[in-house]
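J.: give me a 3D structure for the following:
(2 chains)
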Amino acid sequence: MYFSAQLAEGRKNNVFNTASHPRSLIRQLMRISLVTAFILSLSFQVLFALEINAQPVQQVQIILGLNNESIISAIKKIEQKSQFRFLYRNNELKDLLTASLPLKERSVKELLDQLFTGTGFTYTQIDNKILVSKLNPVQSAANNRQATISGTVTDENGNPLPGVSIRFRNKNSIATTTDGNGQFSIRIPEDKNAVMMISYIGYVNREIILGTQTTFKIELKPEVGSLNEVQVIGYGTTTRRTSTGSIASITAGDIAKQPVGNPLAALSGRMSGVLIAQNNGVPGGAVQVQIRGQNSLSQGGIPLYVIDGVPFTNFNGGSPATDNLNAFGTSGASGGISPFGMINPSDIERIDILKDADATSIYGSRGSNGVVLITTKKGQSGSTKIGVNLNTGFTEVNRFIPMLDLQQYLALRREGFSNDGVTPNATNAPDLTVWDQNNGTDFQKMLIGGTGHITDLQANMSGGNEQTRFFFNSAYRRESTVFPGDNSDRRFSSRLNLDHNSKDRKFNASFMVNYTNDNTNIPASDLSSVYNLPPNLPLYDAAGKLFWATGFTNPLATLLRRYNGVTTNLITNANLRYTILPGLTAKANFGYTITQLDQNNTTPASSQNPANNPTSSAAFTNNKAQNWIIEPTLDYVKTIADGKLSVLIGTSYQKNTSNSLYINGTNYSNEALLGSLIGAGTTTVSYNNILAYKYNAVFGKVNYDWKEKYLINATFRRDGSSRFGPNNRFGNFGAIGAGWVFSQEDFVKNNLAFLSFGKLRASFGTTGNDQISNFLYLPLYSSTTAYLGNAATVVTTIPNADIKWETTKKLEFAIDLGFLKDRISFTANYYRNRSSDQITSNALPTQTGYNSYSTNLPAKIQNKGLELELNSSNIMTKNFSWKTSVNFTFTDNKLLEFPDLDKSFYSTSYVVGESINLIRLYHYTGVNPANGTATFEDRDGNGIINTNDRYTADLGTPFFGGFNNTFTFKNFELGVFFQFNHRFGVTQILNTRPGALVNQNDAWLERWSPANTSSPIPGATANAGSAIYNSYNLYTSSDAVYGDASYIKMRSVNLSYNLPAQWVKQVKMSNCSVFVQGQNLYTWAKNKYIYDTETTVQGGPSGLGTGTIGQVLPPLRTIVFGINCTF
Amino acid sequence: MKKTYKNFLLKSLTVAVVLSTASCKKFVEIGAPPTQILFEDAFKTDASAQSTVLGLYANNNGAIGSVGLYSFLSGISADDLQYNATDASYLEFANNAVTNTNSLAANTWQFSYALIKNANNVISGLSSSSTLTPALKNQLLGEAKFIRAFTYFYLVNLYGDVPLPLKDDYAAFENATLPRSPASAVYTQVIADLTEAQNLLPTSYTGTFRGRINKYAACSLLARVYLYQKNYTAAETQATQVIASNVYSLPAPDAAFLNTSNEVIWQIANISGVSLFGSNYVTLATVVPAYTLRNETYQSFESAADLRRSSWTITKTIAGKIYYGINKYKVNTGTGNEYSVALRLAELYLIRAEARAQQGNLGTAKVDLDMVRTRAALPAVSASLTQAQMLSAIEQERKVELFGEWGHRWLDLKRTSRADAVIGAIKPATYKPTAVLYPVPQSQILLNNSLTQNPGY
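T.: Numbering: from 1, shown residues only, chains lettered A, B, ... in the order given. From the prediction side, this is the model:
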């Protein structure tokens, strides 16, 4: 009853809007409400008809006082004292309060005016009913007056777009298109609520509520994936239509659909040629990105990351190369801390990955490993928008390793002893003789079987006018872990992007500030690695204290060792631009970034075996990295003949400094003091590293585009870096790229109508890799252990004044095709990158005092591959659409040349003609049925199994890709994304022999035993020296534990529902959607004995995604529920 | 407003262009990181220069350091030490059947040259520095030259002819191609370095204990070198300088290896933990040490009255087997009060005794020999020994006095050409006369074509 009046009022809107609303689910709903409203209004008629003698409100006087109470209670009081009955929505009024009114006689009108003034509600008397409704300033009454609406439609760069369709919602008969200058003019019946719909192929449709405005400047944004989509490249932009380089992109939309904390994790599988591996599933953990294979034998393979034009480099010259913030020193369960954990994915507008020479040469000595350009969101002129995105959900391990249960484990152990002919006793087998024989612990369930929780709250505000625009976003994200206890990673971030231009648009300044604070509080080590504890390992002793056994760390004690890392990151950037003459623009980019990481790793005495009289200790590791850049450029664009010539020149100055200090505090008197150094009995500086790196470049680019048909692009860069030796301080890099849009040729236009776009492109050029250690050319003395209490120094490495970047020559051929008006687009890239000048340790006769020195070797690595991308809009109807995108990458890595390989340190590591991610394995030939020992092939038949009997095998991922489907049905959208990797890697992690005091996975149920002699799996053994024991020596370096580690992952699924515009309008929202998102939902893998073959950790086999040496927490299944609204 | 923008940008552009053309090179030049010192800067101040020399001492430590590489390997090559573990690389030394790919032979080579390289750098840096206090500069130069000489002395004794790099790192690639220099040339260099060191070094010790080299250390090593070179008068002169200084004395055997011992001429201080001798010779009563005294040597003690037998050895029976543990050092846990003694007075008496005996001065030789015997509570030798008997008595005395230390026994057998007779007798199956020189590591011959291999490998 309460809401009926409201519905009755809403009826008009429904009737008005429903007729041709394109989204028919809403229409269905509306239809239902229409019927309801109709029935209800009929019954009103009846009600109203009965009450015909009502007095107007101003004539009825009542005596009433109100004491700052709720409006609903006031209404009830009025109802008691008069014959008026109120109709209102309980929900709407329940929070409203009245003012205090002294007790006196007033008219009901006076009372009601007092009650509702300023509340946004009004009342209408209908007989003795009083309807309370929302105040609607816009009267929707139909109006027959005509209005003239006119305007200009342009693309993002202000170029007029001809032929743009202009229509009005629910007014099918009124439509026009823009003329050659992008202008339109049309008359429509005056209606402030009318919605103008602007659409153009290749651009995102826009809808504008007219309001009182009559002239419009409308800017259309190219649609993602279309040929006109603007792609960001080095020092400029291009479009898929006119680019000569190879660029893979992902936009905010695809990032927003994935509940990831690290934006790099959102790229996984979505871009051809880009291989991504998440180190583990602990919040804050690093994500590694490898673009088009591994180019370097032993130096860094990290892409160059650039955020809004400012390099975001954290590679600090360490070896092995990482860009982790904690590259030197302490880490917690999350391992390396990715600097990208500091970037809020929601701040990102798009990420463009540059791959070939044409796109990367402009980055000179840093372009070899590819370039990742991150562009953050900017404000748009227009009304101020407030966006809110709230989501919450949970995380969990998506698959566990099937382990032996207690009885199966004990059987394995007993069998091991029996095979070895040894009798178990309390020393060699406490699990068989002392510990509980009936009750075990499921350690996986206990330690990683928990549920983590994610809460992500974001609020942004953006807007501005013609001159000044802003975007502000603040976000809070909390992610707990699946480990027991109170563990979490909390991130707060804020970003302000501001840009301003002068009235004549000649001057433009944009400023960006991003601040992030992240606090990670987790166990000091990943508990996944103890998945194989003996199931009956006691956790507590009889006295209720932590149980300690030789060779084991009680996992509950591990939990007491804590890691706390606090990262703060400030990125500031100013970009100034001035148009000096038409076509000539000067720009200057100034950036400063500071990243600080303060870590505290504690080892309380209570977490150690009391038998060793432990003391408490703590490590304090602080890193501070600062980068600054100044980059002035000059841009010139001129039309020559029928073509457009663009020229760019610029120079760049950069300096990075990093400072890390690692102090160990030991002998704490009290565990409560472990968070500070002051409580430590002894402090030692374990590590102090202060580095600086300076970089300078001049660069230029010339681009000529003749009628969007013939495209040519040449880039040049001269780079100097403090990492290079004095003899090679500066290097020249360059590339040339060309494109031929053959679909613009008449013979194609006339004969191949189905082909809407066709481009052939090729590029060739050089880039470098400067991810080498600092100071390789300086003769340096370093501190060494003090002698007799006095500081001692010693000369460290042999200086090489010739040291320089590693060089990669990149060659690419590609074809881009569009069919059926670009509904289907296809791209194929073939690339061949050859990397030489490899920096390796070259052997030196030790009579020099060194056994090696770092030098650029002419060794050559080739990475070639084929990348295929297909995007298709399979179904496009009014209510339903289905889009598919697929990408495949085939890669091949090969060591082409390595002069004097046999004399080098790498003679046993590499083979010319093979992949650099090579492993040498014995061939496992099964079990000797007589005694259960593992046997291996004796290739050379000399009767001994030695290193000569090994085969080589390529570790890695010869092909990978992703498969994405997006369905929309009315207001629903469903996206399902699969990722697949074909991979050769570790399939069994066997840290100890089956039968030892460690649990094993259920593969060992099938093992050889005296009763099962035909098994292909060797037998159990518990004691060193036995025949079976020794036969396992080669087992883990044989193909028994390596093999197909391919997988398909349901990487992400998202389902969202856009609330109908009519609904959201009522609460003053322009858009609102509710959604469910899932990440890492399910993995199909041949290998069930490793949590996730995606994970790659330091110390494992070389090469990205080739496996791990120990179990680490896999990337977690994450499911979140959320709401995203814009006001 | 517009003007301002324009001016500002034009100015910054101009500045940038000027900068990039004028000072590109300058901009990317960067000095040493604050945590490290450039080679030339390391020798600018006294303290910094001193730290480079202390680095040379610190180098001797490490996992097995010079102590291990020179004492243990030579020890087990001779009839001195018995190797009780199972590492094949050590067993090759114990069997006098070292292969040219033996990792320990390669380690010894590499370690020695690393130390020489460091000394060369320090000598070069000190020599070219003009900002140091002269006295300190002399002392540091003396120490560095001593360490270079000490290392070359071992190289030439263990390998015979060896490459003789004397230049600093800037000549590393030149040093890489040097062929082997004749042993005589190496000795000439050793004597030159030690003579110079002797003149540069003070007679006093710097710092606590006798962890740094003084003039007498240089005299001591020079005495040994001259003895090996059969320059007996010079050996006697040098030994006399040390003995006559009255700085040193012979304490009771039990106290001889304490770091406060007055017998010590030079000891290598512990960098961390215990002395390398202590950690390798001393074990718990029930654990077999990696190295023990060989039975032959133990049995050759003149009598049970020899305090060195009772004080410097310890008999253990483990699993029914008798081991003669070396008990000169007593400490293998904590930090201890023992350093690794490199030069001590007893050797000087024995050098002088031998030098005198070789010159026919048997009477004075007997005095020196008896000094050592008296400390061990042994009676004086007979006054009627012939020269040959005297020399033989001295050899025997050296064996039981210097066992386990710095490969003395191995070097003595080689320089007196007695190895074939002595070692050949106790390891007849594997010993070959060519085993007196260790092989030049094959890996080094591959890297430096001008290197040649010793005979027999």
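
J.: scan the helices and strands of chain B for the one with the lowest mean pLDDT.
T.: Sorting the helices and strands of chain B by mean pLDDT, DSSP states H and E puts helix B:2-22 at the bottom, at a mean of 56.

J.: just the buried residues of stretch B:378-393, please?
T.: Going by neighbour count (16 or more other C-beta atoms under 10 Å in any protein chain shown), the buried part of stretch B:378-393 is B:Leu378, B:Val381, B:Leu385, B:Met390, B:Leu391, B:Ala393. Just so you know, the C-beta spots here come from the backbone N, C-alpha and C atoms, and that holds for glycine as well.

J.: start and end of that stretch, how far apart?
T.: Start-to-end span of stretch B:378-393 (C-alpha to C-alpha, to the nearest Å) is 13 Å.

J.: please apply the same query to stretch A:375-390.
T.: Start-to-end, stretch A:375-390 (C-alpha to C-alpha) is 23 Å.

J.: with stretch A:60-79 instead?
T.: Note: stretch A:60-79 ends 12 Å apart using C-alpha to C-alpha.

J.: residues in contact with that stretch?
T.: A:81-86, A:88, A:90, A:93-108, A:111-112, A:115-116, A:119, A:132 (C-beta atoms under 8 Å, 6 or more residues apart in numbering or on different chains).

J.: now the buried members of those.
T.: Here, 16+ other C-beta under 10 Å leaves A:82, A:84-86, A:88, A:93, A:98, A:101, A:106, A:108, A:111-112, A:115-116, A:119, A:132 buried among those.

J.: so which of those residues belong to helices?
T.: Among these, the members falling in helices (DSSP state H) are A:Leu93, A:Val108, A:Leu111, A:Leu112, A:Leu115, A:Phe116.

J.: got the contact list for the closest residue to the fourth one other than its chain neighbours?
T.: In this case it means A:Leu112. Leaving aside its chain neighbours, A:Leu112 sits nearest to A:Tyr123 (5.4 Å; criterion: C-beta to C-beta, 6 or more residues apart in numbering or on different chains). With contact taken as C-beta under 8 Å, 6+ apart, A:Tyr123 is in contact with A:Leu112, A:Phe116, A:Ile130, A:Leu131, A:Val132, A:Ser133.

J.: now A:Phe470: phi and psi?
T.: The phi/psi pair for A:Phe470 (degrees, to the nearest 10) reads phi -140, psi 160.

J.: would you agree it is in contact with A:Gly464?
T.: Yes - using C-beta atoms under 8 Å, A:Phe470 makes contact with A:Gly464 at a distance of 5.4 Å.

J.: overlap of the contact sets of the two?
T.: Both A:Phe470 and A:Gly464 are contacted by A:Gly379, under the criterion C-beta under 8 Å, 6+ apart.

J.: SS state for B:Glu397?
T.: Following DSSP: H, G, I helix; E, B strand; the rest coil, we place B:Glu397 in the helix state.

J.: my read: it touches B:Arg373, true?
T.: Yes - shown here, B:Glu397 and B:Arg373 form a contact pair, counting by C-beta under 8 Å, at 6.9 Å.

J.: what about the residue of the stretch 101-250 of chain B found nearest chain A, neighbour count?
T.: Closest to chain A within the stretch 101-250 of chain B is B:Lys117: 2.2 Å, counting by C-beta to the nearest C-beta. Residues near B:Lys117, counting by other C-beta atoms under 10 Å in any protein chain shown, number 26.

J.: can you tell me the element it falls in?
T.: Assigned by DSSP states H and E, B:Lys117 belongs to helix B:103-127.

J.: elements contacting that helix?
T.: Judged by 3 or more C-beta pairs under 8 Å, 6 or more residues apart in numbering or on different chains; DSSP states H and E, the packing partners of helix B:103-127 are strand A:790-795, helix B:46-59, helix B:65-66, helix B:88-94, helix B:134-159, helix B:442-447.

J.: would you mind pulling the contact partners of the last one?
T.: Helix B:442-447 is contacted from outside by A:843-847, A:903, B:100-101, B:106, B:109, B:176, B:451-453, using C-beta under 8 Å, 6+ apart.

J.: same deal with the third one?
T.: Contacts of helix B:65-66 with the rest of the structure, by C-beta under 8 Å, 6+ apart, involve B:Asn59, B:Asn60, B:Phe111, B:Ser112, B:Leu115, B:Thr151, B:Tyr154, B:Ile268, B:Leu276.

J.: and it, how far out from the chain's middle?
T.: Here the centre of helix B:65-66 is set off from its chain's centre by 7 Å, with C-alpha atoms, centre = their mean, to the nearest Å.

J.: of the contacts of A:Tyr123, which is the nearest to chain B?
T.: Nearest member of these to chain B, counting by C-beta to the nearest C-beta, is A:Phe116, at 49.0 Å.

J.: residue contacts, the closest one?
T.: Contacts of A:Phe116 by C-beta under 8 Å, 6+ apart are A:Ile71, A:Thr122, A:Tyr123, A:Val132.

J.: sorry, back to before: tell me the least confident of the contacts of helix B:65-66?
T.: Lowest pLDDT among these: B:Asn60, with 72.

J.: wait, doesn't it sit right on B:Ala114?
T.: No - B:Asn60 is beyond contact range of B:Ala114, at 10.9 Å (criterion: C-beta under 8 Å).

J.: out of the two, which sits in the busier spot?
T.: Higher neighbour count among B:Asn60 and B:Ala114: B:Asn60, with 24 against 21, using other C-beta under 10 Å.

J.: next, count neighbours for the residue nearest to the more buried one when sequence neighbours are not counted.
T.: Nearest non-adjacent residue to B:Asn60, counting by C-beta to C-beta, 6+ apart: B:Ser66, 4.5 Å away. Counted with other C-beta under 10 Å, residues neighbouring B:Ser66 total 24.

J.: for the residue of the stretch 51-200 of chain A at minimum distance from chain B, give me its contacts.
T.: Going by C-beta to the nearest C-beta, chain B is nearest to A:Gly158 of the stretch 51-200 of chain A, at 19.4 Å. By C-beta under 8 Å, 6+ apart, A:Gly158 lies in contact with A:Glu219.

J.: with A:Lys701 instead?
T.: A:Gly234, A:Tyr235, A:Gly236, A:Ile362, A:Ser646, A:Val647, A:Leu648, A:Ile649, A:Asn713, A:Ala714, A:Thr715, A:Phe716.

J.: can I have the buried ones of the residues you listed as a PyMOL selection?
T.: Restricted to buried positions by 16+ other C-beta under 10 Å, the PyMOL selection for the contacts of A:Lys701 reads:
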select buried, chain A and resi 234+235+362+646+647+648+649+713+714+715+716
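
J.: if we can go back for a sec, between the ones in helices among the buried ones among the contacts of stretch A:60-79, which sits nearest A:Val230?
T.: Using C-beta to C-beta, A:Leu93 is the member of those that lies nearest A:Val230, at 48.6 Å.

J.: off-centre distance for the helix or strand encompassing A:Ala459?
T.: Secondary-structure assignment from DSSP H and E places A:Ala459 in strand A:452-464. Chain-centre distance of strand A:452-464: 16 Å, with C-alpha atoms, centre = their mean.

J.: buried ones in it, by neighbour count?
T.: In strand A:452-464, counting by 16+ other C-beta under 10 Å, buried: A:Gly452, A:Ile454, A:Thr455, A:Asp456, A:Leu457, A:Gln458, A:Asn460, A:Met461, A:Ser462, A:Gly463, A:Gly464.

J.: surely the third one meets A:Arg477?
T.: Yes - between A:Thr455 and A:Arg477 there is a contact under C-beta under 8 Å: 7.1 Å.

J.: once you drop chain neighbours, what's closest to the closest residue to chain B within chain A?
T.: In chain A, the residue that lies nearest chain B is A:Gly849 (2.2 Å; C-beta to the nearest C-beta). Of all residues not flanking A:Gly849 in the chain, B:Lys117 sits nearest, at 2.2 Å (C-beta to C-beta, 6+ apart).

J.: many thanks, we can stop here.
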